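Student: Below are the sequence and a predicted model; questions follow.
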Amino acid sequence: MNTTWSRFNVTSIVLGFAFLYLPIVLLIVFSFNESKLVTVWGGFSTKWYVSLFHNQGLMDATWVTARVGVISATVATVLGTLAALTLTRYTRFRGRVLFSGMVFAPLVMPEVITGLSLLLLFVAVGLDRGFLTVTLAHITLTMCFVAVVVQSRLISFDRSLEEAAMDLGATPVKTFFQITLPVIMPAIVSGWMLAFTLSLDDLVIASFTSGPGATTLPMKIYSQVRLGVTPEINAACTILIAVVAVGVIIASIANKRREVQRQLDEQAAQRG
Amino acid sequence: MSNAAVTAASASPATSAGKSILARLGAAFVGRLVIIIPYVWLLFFFLIPFIIVFKISLSQTAIAMPPYTPVLDFSGGISGFFGQLRQLSIDNYVWLTQDALYFNAYVTSLIIAAISTVLTLLVGYPIAYGMARAPATIRPTLLMLVILPFWTSFLIRVYAWIGILKPEGLLNQLLLATGIISQPLIILNTYTAIFIGIVYSYLPFMVLPLYSSLEKMDYSLIEAAKDLGCPPTSAFWKITFPLSLPGVIAGCLLVFIPAVGEFVIPDLLGGSQTLMIGKTLWNEFFANRDWPVSSAVAVILLLLLTVPIMLFQQAQARAQEQDK
């Protein structure tokens, strides 16, 4: 079918993407500003990046955030994958409606509610607020996002591959690790990355569930933003954006390569 | 899962019985674990916390740590339990109805979320439509470009707007320099800034479901309508829009529900003059340290959002069925 890509379509896309990207671009540009004013250009400088690395509080917060992110994303990926398997493979069991409700609700639940409720849980069971509680909170939030990402891959998964493996005598566990897992791996990887960035990103839930000594980077940035906009924060944000952008690009290239390789393998198999 | 057992049974009759039972037991056990582990986790970290919120919303504020009177504590035995049951009070809820501030905050939040949802739809629809009609070769790139901002921090994206919307910010500089305005516009710390912030931050959530339903659409329907003499606008309203309705509903719910309880955007862009319930809850908790009242605020907010959240779940379930 020949789709006409009219001028209207092109204009709306260009304007839309300008709206999405211009603020981020401006933020990055002004992190290289000589002047202390964030909105007046005073020449090129990287001094804010230098002063950033001498800001001990910010560095500590970065380290906390990175550790929370890696641990929570990893646990959330395991739990989220299990949840996705449950949702796609076990269509009938007692409490399935409640289960799918608990997976989908956190996606849209206002963060203030999730944060408050988790905090009250931690207080009720007598868990001191700190590194552990933030991590547990982030696992709970992000596993639902992982579940949705992995689930969408599992739905389009060809079950006959698994049946073939089991017909050939593989146990269900072996089938899962040798057949299912490699096929859904790209979704699991992007699920992990989504979980990691969500954890890196979160201000509200971390503010509720964190305690002294476990200040995360968004909490630090937020408290500084409240005092005023400075190029140093722009610099911190730029680094954060760069880290995520590089990660996303590497992951998508790797995904593409694997996809191409898979297609080549399939063609070879069909010829062979 | 029973295939393994069947195959094993047909392979060698002697060992088949033991093998198939083991295989079956193993499968059943693994199957159970797959369900049980995430189920228990979500029960404990998602459902039970809500019950605790509800419980604490019925308690009284106390100067202690934690700052509320204990409720439904089983340490006092059954008689103690009933004694405490009598202490439960709906004072916090009465308080919420008496102070107009809370009522206004709820109503304002719902209105702001509704207006921003409509604005996001108006901004997002042309983008999604343009993407769906784009040449198939560049569609994945466009999709990637819509998703990419979602990966950068929400806080950073909101923060970026402060520098743009300030009275001496970039937008006013541009408008003053081009002579469009002679006085700087006051946008930051108004509801306008909140609208801009919500539309900007939630745009990908609107565009993605819209795109996925518009992309599936059969555009020969439009051509047929055109051939039959239907003007483009009525073709849009009679064909395109109704067919994209699942995407519209999913996108609107994905924007509306979190926007009602939004905290970061009203706090950073709305200033102290604007009122939204997420901010009220935050202040009640962090500034006033009134845990029972903030719990009551959360319970009411959750009740207000129950219907939209259930609609969202139904939409998700339906989409999942269609994908199968």
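Tutor: All right, it came through fine.

Student: got a list of what residue A:245 touches?
Tutor: B:148, B:151, B:152 (CB atoms under 8 Å, 6 or more residues apart in numbering or on different chains). C-betas here are computed from N, CA, C, even on glycine.

Student: Quick one: mean pLDDT for the helix or strand where it lies?
Tutor: Assigned by DSSP states H and E, residue A:245 belongs to helix A:231-271. Here helix A:231-271 scores 80 as its mean pLDDT.

Student: again with stretch B:192-201
Tutor: Per-residue scores along stretch B:192-201 average to 94.

Student: Residue 176: how many residues sit nearby?
Tutor: This is for chain A. Residues near residue A:176, counting by other CB atoms under 10 Å in any protein chain shown, number 17.

Student: switch to chain B, that's the one I care about
Tutor: Residue B:176, neighbours per other CB under 10 Å, totals 15.

Student: For residue B:167, see how far away it is.
Tutor: According to CB to CB, to the nearest Å, residue B:176 stands 11 Å off from residue B:167.

Student: Quickly list what's touching both of these two.
Tutor: Common neighbours of residue B:176 and residue B:167 (CB under 8 Å, 6+ apart) are residue B:184.

Student: Apart from its chain neighbours, what residue comes closest to residue A:234?
Tutor: residue A:31 (3.6 Å; CB to CB, 6 or more residues apart in numbering or on different chains).

Student: pLDDT and secondary structure added to the contacts of residue A:245, as TSV?
Tutor: Conversion of these to TSV gives the following (pLDDT from 0 to 100; DSSP: H, G, I helix; E, B strand; the rest coil):
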residue	pLDDT	secondary structure
B:148	80	helix
B:151	73	helix
B:152	75	coil
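
Student: Who wins on neighbours among the residues you listed?
Tutor: Result: residue B:152 is most packed of the contacts of residue A:245 (other CB under 10 Å), 22 neighbours.

Student: Find the residue closest to that one in space, skipping its chain neighbours.
Tutor: Nearest non-adjacent residue to residue B:152, counting by CB to CB, 6+ apart: residue A:241, 5.0 Å away.

Student: and that neighbour, what is it in contact with?
Tutor: A:24, A:28, B:152, B:153, B:156.

Student: now residue A:34
Tutor: A:42, A:43, A:44, A:45, A:47.

Student: So which of the residues you listed is the closest to chain B?
Tutor: Using CB to the nearest CB, residue A:42 is the member of these that sits closest to chain B, with 13.9 Å.

Student: tell me the secondary structure for the closest one?
Tutor: Per DSSP: H, G, I helix; E, B strand; the rest coil, the secondary structure class of residue A:42 is coil.

Student: what stretches of the chain score poorly on pLDDT?
Tutor: Using chain A. A:1-5, A:38-39, A:272 (pLDDT under 70).

Student: oops, chain B please
Tutor: For chain B, the ranges with pLDDT under 70 are B:1-20, B:23, B:27, B:61-87, B:320, B:322-324.

Student: how close does the residue of the stretch 201-324 of chain B found nearest chain A sit to residue B:113?
Tutor: Residue nearest to chain A within the stretch 201-324 of chain B: residue B:261 (2.2 Å; CB to the nearest CB). When CB to CB is the yardstick, residue B:261 and residue B:113 sit 9 Å from each other.

Student: got it, and residue B:106?
Tutor: 11 Å.

Student: Where does residue 48 fall, secondary structure wise?
Tutor: By default, I'm working from chain A. Per DSSP H and E: helix A:47-53 holds residue A:48.

Student: other chain: chain B
Tutor: Secondary structure (DSSP H and E) places residue B:48 in helix B:48-57.

Student: Not counting its own residues, what contacts that helix?
Tutor: Applying CB under 8 Å, 6+ apart, the set of residues contacting helix B:48-57 is A:113, A:116-118, A:120-121, A:124, B:68, B:71-72, B:92-93, B:291-292, B:295-296, B:298-299, B:302.

Student: Which among the residues you listed count as buried?
Tutor: A:113, A:116-118, A:120-121, A:124, B:68, B:71, B:92-93, B:291-292, B:295-296, B:298-299, B:302 (16 or more other CB atoms under 10 Å in any protein chain shown).

Student: Break down the stretch 101-250 of chain A into its helices, ranges please.
Tutor: Counting by DSSP state H, counting those that start in this stretch, residue ranges of the helices within the stretch 101-250 of chain A are A:111-124, A:131-155, A:159-167, A:172-175, A:181-201, A:204-209, A:217-227, A:231-271.

Student: Which of these sits closest to residue B:45?
Tutor: Checking the helices of the stretch 101-250 of chain A against residue B:45 by CB to CB gives helix A:131-155 as the closest, at 4.1 Å.

Student: From the contact counts, what lies against that closest one?
Tutor: Packing partners of helix A:131-155 (3 or more CB pairs under 8 Å, 6 or more residues apart in numbering or on different chains; DSSP states H and E): helix A:56-89, helix A:96-108, helix A:111-124, helix A:181-201, helix A:204-209, helix B:13-42, helix B:291-323.

Student: do you know which of these lies nearest residue B:118?
Tutor: When the helices and strands packed on helix A:131-155 are compared for distance to residue B:118 using CB to CB, the nearest one is helix B:291-323, at 14.7 Å.

Student: Just list what that closest one packs against, helices and strands only.
Tutor: Using 3+ CB pairs under 8 Å, 6+ apart, helix B:291-323 sits against helix A:96-108, helix A:111-124, helix A:131-155, helix B:48-57, helix B:91-98, helix B:100-133, helix B:245-260, helix B:277-286.

Student: name the helices or strands packed onto the last one?
Tutor: Contact here means 3+ CB pairs under 8 Å, 6+ apart; on that basis helix B:277-286 packs against helix A:111-124, helix A:204-209, helix B:100-133, helix B:264-269, helix B:291-323.

Student: Swap in 6 Å and give it another go.
Tutor: For helix B:277-286, the packing partners by 3 or more CB pairs under 6 Å, 6 or more residues apart in numbering or on different chains; DSSP states H and E come out as helix B:100-133, helix B:291-323.

Student: What residues sit buried inside that helix?
Tutor: Here helix B:277-286 shows B:277, B:278, B:279, B:280, B:281, B:282, B:284, B:285 as buried, counting by 16+ other CB under 10 Å.

Student: same question, the third one
Tutor: For helix A:131-155, a neighbour-count test (16+ other CB under 10 Å) marks A:131-151, A:153-155 as buried.

Student: How about the longest one?
Tutor: Residues B:102, B:105-106, B:108-110, B:112-113, B:115-117, B:119-121, B:123-133 are the ones in helix B:100-133 that count as buried (16+ other CB under 10 Å).
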